[in-house]
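*Asks:* For reference, the sequence and a predicted model appear below.
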Amino acid sequence: MNQMHVEFNIPAILGTQVGLTPETASDESRRMFALFLYEHGRISLGKACELGGFNQWEFAEMNRAFGIPLSVREEDLEADLARLADV
């Protein structure tokens, strides 16, 4: 899979204030980016989980913690219901 590499610098004091360490900054930034894109309707729930490295339960918990409502598209719900009907 092709990937895009994104790099940016933040002041160390800001990183420390928000609880980032050099070891966690990349993963945490990716998770926050996934949450942001999902919240603004730019990506689906599944893609947000994939990008952020979440499972759906972890993602739902992160959304709850940040007050981001989960939204499920009608076609995603229909696909889930169809899969459940086959079980």
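*Replies:* The structure has been received and is ready for your questions.

*Asks:* Just give the number of residues close to the residue lying closest to residue 72 once chain neighbours are set aside.
*Replies:* Distances taken as CB to CB, 6 or more residues apart in numbering place residue 45 nearest to residue 72, at 6.7 Å, with adjacent residues excluded. C-beta: built from backbone N, CA, C; applies to glycine. Residue 45 has 18 neighbours, counted by other CB atoms under 10 Å.

*Asks:* Likewise for residue 52?
*Replies:* Residue 52 - counted by other CB under 10 Å - has 22 other residues nearby.

*Asks:* Let me know the pLDDT of it.
*Replies:* Looking at residue 52, its pLDDT reads 94.

*Asks:* so it makes contact with residue 37?
*Replies:* No. In this structure residue 52 lies outside contact range of residue 37 using CB atoms under 8 Å: 9.2 Å.

*Asks:* what's the spacing between the residue nearest to residue 72 and residue 23?
*Replies:* 28 Å (CB to CB, to the nearest Å).

*Asks:* For the residue nearest to residue 72, list the residues it contacts.
*Replies:* The contact partners of residue 45, taken as CB atoms under 8 Å, 6 or more residues apart in numbering, are 38, 56, 59, 70-72, 76.
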